[in-house]
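Colleague: Coordinates for the following, if possible.
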Amino acid sequence: MSYEERLRELGYTLEPVELDVGRFMLAVRTGNLIFTAGSVSRWGDREIKGKLGADLTVEVGYEAARLCALGCLRAVKALTGSLDAVVQVVKVLGMVNVAPGFDNTPGVIHGCSDLLREVFGEAGRHARSAVGMTIPFNYAVEVEMVVEVR
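Modeller: Numbering: from 1, shown residues only. From the prediction side, this is the model:
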């Protein structure tokens, strides 16, 4: 089964996206690597905003991280034409909008990592950082990726 089919089985379809957003690109390719810009916790009509540990639970943050992963994958698909070009998800940087004292950033970013494993299997295993900070416009989570492609 293709990666795109696996994603559809999970209930997601990646619509086309314009990569050039003015001052930066949503993703760039150099050689066989794609670097995505940060994708925030917004997908379709759904957006998750707020601070983890004050406004939001870890479970809601987990879902927010999944939405971010979808945004990154949409940019990868825009550059390659298909997720089936993915060889390996190499690195994930997960950034969590945290309230003072919240330190379970890994529990939030597991949402992104789990989605990548569900879609890509072993090719979805990646190095990862999960850090707390203030995210622009109060989005709950922001994720960027490095992906190896054919």
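
Colleague: so where do the strands sit in this structure?
Modeller: 27-30, 33-36, 39-40, 42-43, 46-47, 86-97, 127-133, 141-149 (DSSP state E).

Colleague: Adding mean pLDDT and mean neighbour count, write those strands out as TSV.
Modeller: In short, each C-beta sits where N, CA and C put it, glycine included. Formatted as TSV, the strands of the chain follow (pLDDT from 0 to 100; neighbours: other CB atoms under 10 Å):
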stretch	mean pLDDT	mean neighbour count
strand 27-30	98	15
strand 33-36	98	20
strand 39-40	98	24
strand 42-43	97	19
strand 46-47	98	12
strand 86-97	98	22
strand 127-133	98	15
strand 141-149	98	24
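
Colleague: Figure out which of those strands is closest to Tyr12.
Modeller: Proximity to Tyr12 (CB to CB) singles out strand 42-43 among the strands of the chain, at 8.1 Å.

Colleague: Residue ranges in the protein under the pLDDT threshold?
Modeller: Counting by pLDDT under 70, the chain shows no low-confidence range.

Colleague: Pick out the residue closest to the middle of it.
Modeller: Taking CA atoms, centre = their mean, the centroid of the chain lies closest to Ala69, which sits 2.1 Å from it.
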